[in-house]
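Visitor: sequence unknown, structure follows:
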């Protein structure tokens, strides 16, 4: 029993963080793609014989949190989790869920998660919750090609990976809110000296602190062959991470006031990311229902 | 349209308040009973020809809030709402709901609400949530005698009356918490100067402020012959009043700290009243479910 | 106490409902685009033609002297009909009550009628970069010159200002903090307006830059130096009845219930709770119209803004990724600002604690 | 990172589970009655006989030098078995860690073994009437005399003190606020104890009146004047791992799920959420045992105390008027105190904001 990340896991995350720091442009949906590819990030889960790092999901969870922290846009989780299924040389993958594929325009492979199968598609842009995650309604435009592996595992990994990103987004929203509260002055004091602001930010810290271990457990459950209840663990993780991120976003906006709402700051990229990731692969509300049904029966 | 209390309604409440002020002993389950009887309070809903005041429930709602504010113990609501059904000369009434009758030991009439009918009973004391409302498990010990009138109306009135008391209990808990926060000093300031305390008490004020009108509407709906949805209104009122009182109680305890928890203060009578009234005639949770089923279908 | 509408009130409700059913346009473009701004102005001119733009105002300024209850009825019908949000709301709900109380007859004649027809659209210019929640910290100045004043400084978060024709705000003429502020009306023609993009990219706000803009004496509202007192009357309107009538939230709650019709009971539970809360706000308002609103408007502001946020957050939960393609997403973005504008909810809770409950400052 | 227990840990769990299954008594009377207090002491003596009273302590004091993971396993099994709450908890969880760090070998020898067997039961004496949240405001004094100290003053909200044999607390020997406080152990024999009735009427607290009570020098823990530093080590234990192990909340959550088995989905939703939160607290603790707990114990304290309250409030909702006849009501009353004791949750949130997040004081 050792529920702490190994130094390798943390070092991989630190390398990702180093790449993204000051360089990741949340407005550019292929920002830092090349750099992370060179790091082996997107092939991390692919077997070594297929040119990957042969890692488990838990190994890349801290690195995924970093991509969330940086608000790295584009199909990050999708490309990562689809790598074990995808032909070598694929740059970006979009997952097709219920007729909608995020960032399908950037992908050289669209994977229908119900197969999994590779599908040639004609994408039609839809209005986005988040400029960094562009949804497309797709029409299948050719014969789907069955991919190896389990659809269930693919979707579970995408969900947990998204939850890990949400934890990172929440951490960054908290850090930025704290920074703003330390410097913004009203009534002659930094607003962070007001107890109402302190307590709101403390509540965000608590929410993130206790959501993260659920995400870590879910990654372990997905990795393990005989985990007793992987779906319940995945849903608990996605629900808690989504709620923590949502609280972090609302609090960030409240602490920043009107300026957080605008193009004056780039806070809006992190806010929007909580909406797009929160909605992807099942909302928190939906996953809460799944947990309840797992506990009590449907 | 005039959703304000009339001067008569307010004057009746003021008279009740005057009687209870400084005289009501929350530890004595027949405290001030005689005085309120003399005021006509317990016969208020009985027709004039039966010696009552011929009032509607809405007319006595502000007075009921006062009995809650004073934490007046004993079968106050029960005696009041059963008066139109009860023979003249009855002093106290206990309502029998699902095998339990509150304060049956003090009652000269026990009314089974499913009839309504008068039932002779053998009461067995049960452990109480509240020393001011003693529950009894009862065995029927004789032939029930059918009373005139509608069981449905009796139960609705008892529920709304209890909700009105809960509003009064909540108001008093708020007032006492404010008073304590103004005088108790820690860290060199009255604790009420701390924003965390202020905001908690503001939230209680808001909860009470917006629960009360729901109780008032429910009383109108119960009084009216052709109200479109009396049961939904009754449930909305009981749920909101119970939740407001529960928030007021938890906040009162938090503001008072350990002393609120003890026999050192008499705050415990109000706390316990939120539990006994909150549980009577359906908990807030139960009434929330009823509202939902009324809105969406069961 | 009763909840019975008079025959006259019922007739008024029927008239409003029928007119709206016949005239409400299908969804207009966002009022924070040039095209949408003009479409909203045109709609409000039609409302004014039917004398439904400002029902509670006196006839001479385009109203029908409706009672507060009638105004609430109008609002219920307006929002239930799906009619567009009011592009002129900052003028008719925030400035107008102040004009009625503090304006000269010629100011009233010059501005109210045009405002009611959305011929002029007024932007509010309260906040400054260093004066948000702490409004008394503002530093924009009005300097006295022959026949008028020169305005200097910077105002920000001015809603609608990107396309509006006029503005109103406080400028310092002497003193510090709450003292020596003057309430000034101005045309936006001579002001440098820098639009600010909102979360959805549209310029819902603007920054106003005053570099010695001249306004004549006739544009000062009330006495110079009395601006704080006058403005507080306006912000009390903003928090209270006029900006956010119950009808708006009730209509949202009813739509939310429809949206949750086939949802899981746990989500229906949240929807039913919102409906009850919207009804509570409506009833509370009916109870309040008779008396003085005072500091209870702060309770209302916290209550409706948090209700609005809860309703839209639930809609986002119900809709999932498709939410962006519905008006619920726009509503959600707007609802997020509710706990911020018109005095943050933190400020409101301070007011409740100190002025309603009497806790120490 | 993994969640796999070693064979040794699994064997330990099996031993604890089997022993408890064979020995846990049916429900004991409240430990805040004389009868219940003695019944709880007798139970803890049996635990000690099986070397299960203080598994993480060294063998010489009655433990088995169990690792933190093993201690967590013990706690999970203990609470899952339905075993009684620990009457000695203030001693073994709050005082003992301090004794291990700051006590002399003879203090350790004198007190730890007897504490582990509940031969001595220790009451905590922190709060004073004017020093609750503001602990540094305390004013009880210890005056130096030949061979020892005379204690003067009043301590209150001392849990278990109505029946306990010993107490520990801070007394001022010089200075003001955090300075010049001394950590004193004392027998309750010579102290005037005034029991205080709790909500349920039992004397869960007491007030302690010191009127020149003599304690020998050997009863001072650490150096005189270093009491604050020493006490902070204790209160950090109180907030953190030792007082509220995850096993306790997990067991409550599992019982809550059983109670909600046939409830409405909206209530089941709340129960499932509590179960997940209890699991989160468990996982978080597993992650924390390796590192320094530090200020994250404040996050844990807020989290478990509010979870505990939510769980018991839900049980009250599920049970309705019958709740009083179940242990859930006692648990509810106790859970209401969770956000108050061991540093109110307001104080904890200040600590999180200032020490974890770095916001200004």
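Guide: Thanks, I have it. Every value quoted in this text rests on a predicted model; they were computed, and no experiment measured them.

Visitor: how about the contacts made by the residue in the stretch 151-298 of chain A that chain B sits nearest to?
Guide: Closest approach between the stretch 151-298 of chain A and chain B, counting by C-beta to the nearest C-beta: residue A:195, at 3.9 Å. From N, CA and C alone the C-beta is placed, and that goes for glycine too. Contacts for residue A:195 (C-beta atoms under 8 Å, 6 or more residues apart in numbering or on different chains) come out as B:194, B:195, B:196, D:346, D:350.

Visitor: spatially nearest residue to the closest residue to chain A within the stretch 1-150 of chain C (excluding sequence neighbours)?
Guide: Closest residue of the stretch 1-150 of chain C to chain A, C-beta to the nearest C-beta: residue C:134 (3.9 Å). Among residues not flanking residue C:134 along the chain, residue A:186 sits closest, at 3.9 Å (C-beta to C-beta, 6 or more residues apart in numbering or on different chains).

Visitor: what residues are up against that neighbour?
Guide: C:131, C:132, C:133, C:134, C:137.

Visitor: got the phi and psi for it?
Guide: phi -140, psi 150 (degrees, to the nearest 10).

Visitor: ok so, going back, neighbour-wise, which one of the contacts of residue A:186 leads?
Guide: Neighbour counts for the contacts of residue A:186 (other C-beta atoms under 10 Å in any protein chain shown) peak at residue C:132, which has 24 neighbours.

Visitor: how close does the closest residue to residue A:289 other than its chain neighbours get to residue C:314?
Guide: The shortest distance from residue A:289 to any non-neighbouring residue, by C-beta to C-beta, 6+ apart, is to residue C:264 (5.1 Å). Distance of residue C:264 to residue C:314, computed by C-beta to C-beta, to the nearest Å: 12 Å.

Visitor: can you check residue A:80 too?
Guide: Residue A:80 sits 32 Å away from residue C:314, going by C-beta to C-beta.

Visitor: now residue C:321: phi and psi?
Guide: According to degrees, to the nearest 10, residue C:321 has phi -60, psi -20.

Visitor: contacts only, for the residue nearest to it when sequence neighbours are not counted.
Guide: Once flanking residues are discounted, residue C:321 sits nearest to residue A:279: 4.4 Å by C-beta to C-beta, 6+ apart. Neighbouring residues of residue A:279 by C-beta under 8 Å, 6+ apart: A:129, C:316, C:320, C:321, C:323.

Visitor: need these in a markdown table with secondary structure and neighbour count, can you?
Guide: Output for the contacts of residue A:279, formatted as a markdown table (DSSP: H, G, I helix; E, B strand; the rest coil; neighbours: other C-beta atoms under 10 Å in any protein chain shown):
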| residue | secondary structure | neighbour count |
| --- | --- | --- |
| A:129 | coil | 27 |
| C:316 | helix | 25 |
| C:320 | helix | 18 |
| C:321 | helix | 24 |
| C:323 | helix | 22 |
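
Visitor: would TSV of these with pLDDT be doable?
Guide: Output for the contacts of residue A:279, formatted as TSV (pLDDT from 0 to 100):
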residue	pLDDT
A:129	94
C:316	98
C:320	95
C:321	92
C:323	96
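
Visitor: ok, which stretches of chain C are strands?
Guide: For chain C, the strands defined by DSSP state E cover C:122-125, C:141-145, C:148-155, C:166-172, C:181-187, C:192-196, C:205-216, C:220-221.

Visitor: output the below-cut-off pLDDT ranges for chain A.
Guide: Chain A contains no residues with pLDDT under 70.

Visitor: please enumerate the strands of it.
Guide: A:93-97, A:100-102, A:109-112, A:117-118, A:121-125, A:135-140, A:145-146, A:185-186, A:189-190.

Visitor: out of those, which is closest to residue A:167?
Guide: strand A:100-102 (19.2 Å; C-beta to C-beta).

Visitor: who does the closest one pair up with?
Guide: Taking DSSP bridges as the criterion, strand A:100-102 forms sheet pairs with strand A:93-97 (antiparallel), strand A:135-140 (antiparallel).

Visitor: okay, the angle between the shortest one and strand A:121-125?
Guide: If you take axes from the mean of the first three to the mean of the last three C-alpha atoms, to 10 degrees, strand A:93-97 sits at 80 degrees to strand A:121-125.
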